[in-house]
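Asker: attaching a predicted model along with its sequence, questions to come.
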Amino acid sequence: MGQPKARRASPSTNASSQIIYILFVGTCLFFTMTGIVLHHWLADPHNVHEHAMQQFEMNHLGGHDAKVDVKKKKQSVKLQAAVLDSGEKPPPPVHDLAGLSCTDHGGPSDDEVAKEMIYWSDIPSDDKFVSPIGANTIKRKYLTFDPDGGGFNNIRMSMETMIVMAHAMSRTLVMPPSQQMYLLRKDKGNQRRVRACGIACDIDVEEFLKTEAMTGNLFNKATGEVAFPPNNRTNWDGMWPKPLKEYLRDVTLTPLNWTPGSCLVAFPSDDGPQHFSDLDEMMKGVNANFPKVQDFVNKPVPVNASATERLREAVAGRVKELCVYDEKMQEAPVVHFMYDSKMRMRFSVLQLVWWPQYVIERDVQEILTEILTHFIYESFQYKSAWLEADQIYENSKDELQENATVFVATDHKEKPFFKALADHYDLVFLSDFKEELKDVNTNYFGMIDQLVASRGRVFFGCHPSTFSGFIFRVRGYHSQKDKVEGWDRGVLPKSYYYTGKKEKSMYQSYASLQFPYYSREFPISWRDIDKGIEELSALGV
C-alpha cells in the first residue's frame, strides 16, 4: 500500500477539463433526452424539443401528418440525388432523437464529444411501430396516473412505465399537474422545482379535464351519474392533489389487481378474444413445469427465442398469473394507475411489461481515465447502507487503484466525512466545479452526477438505491453500444456495490427478475436490446 498522498487544493487541469466536459454534456443531455424522462418532467421546452414532441406524437400517439410526410419525401429525394452523384449507398435513416447536440444549451460545440453520452441507438422499425391494440379506434382514449411519492428516481421509473403502458394500449398519456418533487426543493424562489409537460406528454390534466370532465363525458362508477371535478376546478398546478386523485379513481377504470408481486402484465398480440385464449394457454404451459430463478443464472434466454421461452424467464420463481389487458380494460375510456404504498408502478421499464410476440425492452470510448465512484449517504432511508468512509474503503479498495482520481457523487454536505477515502485517493466532487456550473439549476445536480458516473471506468453504487440503479442501467446501455467485455452476457464486470460483500458483485453474473424489483436493475433491461421489431418479426418471433 503506498503512502497516503496530500489532498490537492483543486482538481488537476487535465482531470478538471475532462470532467467539466462531461458535466456540460450531461447538462445538455438532461435537457434533450436522458432516458426519455429527465426532460419530460423538469426541463423547459426548446425549439428542438417542440420538433421532437411532434415526432413522438406522430410515431406513437397519432400517426404521421401530411406536412412531415412531405418533408421526409423531400429529404429522401435529396438523399437519392446525392447517392446517384456519388455512387455510394445511402446511410440508414436517423431518428430525430438518435443524435445529440449540446451547443444550444451552452455545452461543447464538438458533437463528437456529445456522442460519448449517447447510450441509445436508432432502430427505424421500432420508431415506426404502432401498437396493434386499439390502433383502429376512432374515439380517443386516455391513460392517467398518480406520480410516485418518492424521490426523482422513483418518479422517473414510474414515468417510464406509464410511457410504455400508454404506447402498448394506444392511449393518450395525460400528465398529472405540476407539483413539487421530493428532495428537489433547493433555492425555492429562483429555480424550477416542478414537473413540466415534455415530449412524452400528449396533453396535461387541465386540458383533459376541460375536454372530457367539464363536457360531461366522465361518470361516477358507483352511481353512473355525470361527475365533474371537485369545485369544477381544471387547473390543479401546485394544489393539494388528494381531491383530484380521489376524483380520478371514482371516474376511471383503476386496475387494483395489477401489482407486480402478484402477476405479470401482458398484452395480446392483436385485437380479438382469441388472443386472450392464446395467452391463457401459454401461461398454463409454463405453470405445468414452473421455472426457477436458478434456471437462468448466467443462462439468458435469447431475445429472438419463442414467446413461451421468454415468458418462462420473465415469471421464473415469481408469479404464476398474467394481468392481461383484456376487453373490459380496452373498452374503458380512461384507465388510471393510482399510487399508494402497496401499488407503486415505479419499476424499471420492462421489468414489468411482457408482450407475446416480443418483450418490450427499450425505453431509449472511455473518455475519462479517472475512476468514478458513487456514494450516497445523507438522505437515504436504508440505514444498512449508512457506512462510514473507512468501511466504504475496505469494501472497494481491491478494485480501485491507490492514488487514483475518484469522483464522488453524494448528497453528504461534509467533506471531512470522506477523509478515510481521501487518504488513499484524489477525491473530486461536483462542488469542485461551482464556477463551471454557476448557471445550472442545482436541482439538476443529481442527474449530472448520474451521467458522469455512468461513464466511469469503474463504478461503485449503493444498494438498494434507485439513484445508483439508474447509473447501473445506463452503464448497461453503454455496454451494448460499445460492445465492452461481457456485453453479450448482459454483465457489467466493472460495476459494483460498496455496501456489502453479498451484493458487491451482483452485476458480474446474469440474473432474471427477482423480488424486490426496485432495489437493483436487471440485465433484461439492456442485454441485446438493439434487435428491432422488423428483425425479430423476420425471425418469426
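Answerer: Nice, thanks for sending it over.

Asker: helices of the stretch 301-450 of the chain, start to end?
Answerer: Secondary structure of the stretch 301-450 of the chain, counting by DSSP state H, counting those that start in this stretch: helices at 307-315, 327-331, 389-396, 419-422, 445-454.

Asker: put the alpha carbons of the first one into CSV.
Answerer: Included here for helix 307-315 are C-alpha records, laid out as CSV according to Å, rounded to 0.1, in the frame of the first residue of the first chain:
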residue,chain,number,x,y,z
ALA,A,307,-42.6,-16.3,-26.7
THR,A,308,-43.0,-19.2,-24.4
GLU,A,309,-39.3,-19.3,-23.5
ARG,A,310,-39.2,-15.6,-22.9
LEU,A,311,-42.3,-15.9,-20.7
ARG,A,312,-40.6,-18.6,-18.7
GLU,A,313,-37.7,-16.4,-17.8
ALA,A,314,-40.0,-13.4,-17.1
VAL,A,315,-42.0,-15.2,-14.4
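
Asker: packing partners for it?
Answerer: strand 264-266, helix 274-288, strand 353-354 (3 or more Cβ pairs under 8 Å, 6 or more residues apart in numbering; DSSP states H and E). The C-beta positions use only the backbone N, C-alpha and C, and glycine is treated the same way.

Asker: any chance of those in a markdown table with mean pLDDT and distance to residue 401 as columns?
Answerer: Listed next are those as a markdown table, based on pLDDT from 0 to 100; distance: least, Cβ to Cβ, whole Å:
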| stretch | mean pLDDT | distance to residue 401 |
| --- | --- | --- |
| strand 264-266 | 89 | 43 |
| helix 274-288 | 91 | 47 |
| strand 353-354 | 39 | 41 |
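
Asker: quick one: low-confidence residue ranges for the stretch 101-250 of the chain.
Answerer: Applying pLDDT under 70 to the stretch 101-250 of the chain flags the ranges 105, 108, 183-202.

Asker: go with 80
Answerer: Across the stretch 101-250 of the chain, residues meeting the criterion (pLDDT under 80) sit at 101-115, 135-137, 150-151, 180-202.

Asker: on that earlier part again, what's the most buried one of the helices of the stretch 301-450 of the chain?
Answerer: Among the helices of the stretch 301-450 of the chain, ranked by average contacts under mean count of other Cβ atoms under 10 Å, first place goes to helix 445-454 (a mean of 23).

Asker: residue ranges for the strands of this protein, please.
Answerer: Using DSSP state E, the strands of the chain run over 142-145, 172-175, 203-204, 264-266, 322-324, 334-337, 353-354, 371-374, 405-409, 426-429, 459-461, 495-497.

Asker: so which of these gets nearest residue 484?
Answerer: Closest to residue 484 of the strands of the chain, according to Cβ to Cβ: strand 495-497, at 10.6 Å.

Asker: paired strands for that closest one, with orientation please.
Answerer: Sheet pairing of strand 495-497 (DSSP bridges) gives strand 459-461 (parallel).

Asker: just confirm residue 494 contacts residue 461, I think it does.
Answerer: No: assessed by Cβ atoms under 8 Å, residue 494 is found out of contact with residue 461, at 11.8 Å.

Asker: so which of the helices of the stretch 301-450 of the chain is nearest residue 232?
Answerer: Closest among the helices of the stretch 301-450 of the chain, using Cβ to Cβ: helix 327-331, at 27.7 Å.

Asker: got the contact list for the closest one?
Answerer: Around helix 327-331, the neighbours that count as contacts under Cβ atoms under 8 Å, 6 or more residues apart in numbering are 133, 134, 169, 253, 255, 271, 273, 276, 335.

Asker: among these, which one lies nearest to residue 448?
Answerer: residue 169 (33.8 Å).

Asker: which residues touch the closest one?
Answerer: Contact analysis of residue 169 by Cβ under 8 Å, 6+ apart lists 131, 133, 134, 141, 143, 267, 325, 329, 330, 335.

Asker: got the contact list for the closest residue to the first one other than its chain neighbours?
Answerer: Ranked by Cβ to Cβ, 6 or more residues apart in numbering and with sequence neighbours excluded, the top spatial neighbour of residue 131 is residue 170, at 4.8 Å. Going by Cβ under 8 Å, 6+ apart, residue 170 touches 130, 131, 133, 134, 135, 137, 141.

Asker: 7 Å - rerun?
Answerer: Residues near residue 170 by Cβ atoms under 7 Å, 6 or more residues apart in numbering: 131, 133, 134, 135, 137.

Asker: for the stretch 251-400 of the chain, give me the ranges with low pLDDT.
Answerer: 260-261, 271-274, 340-386.
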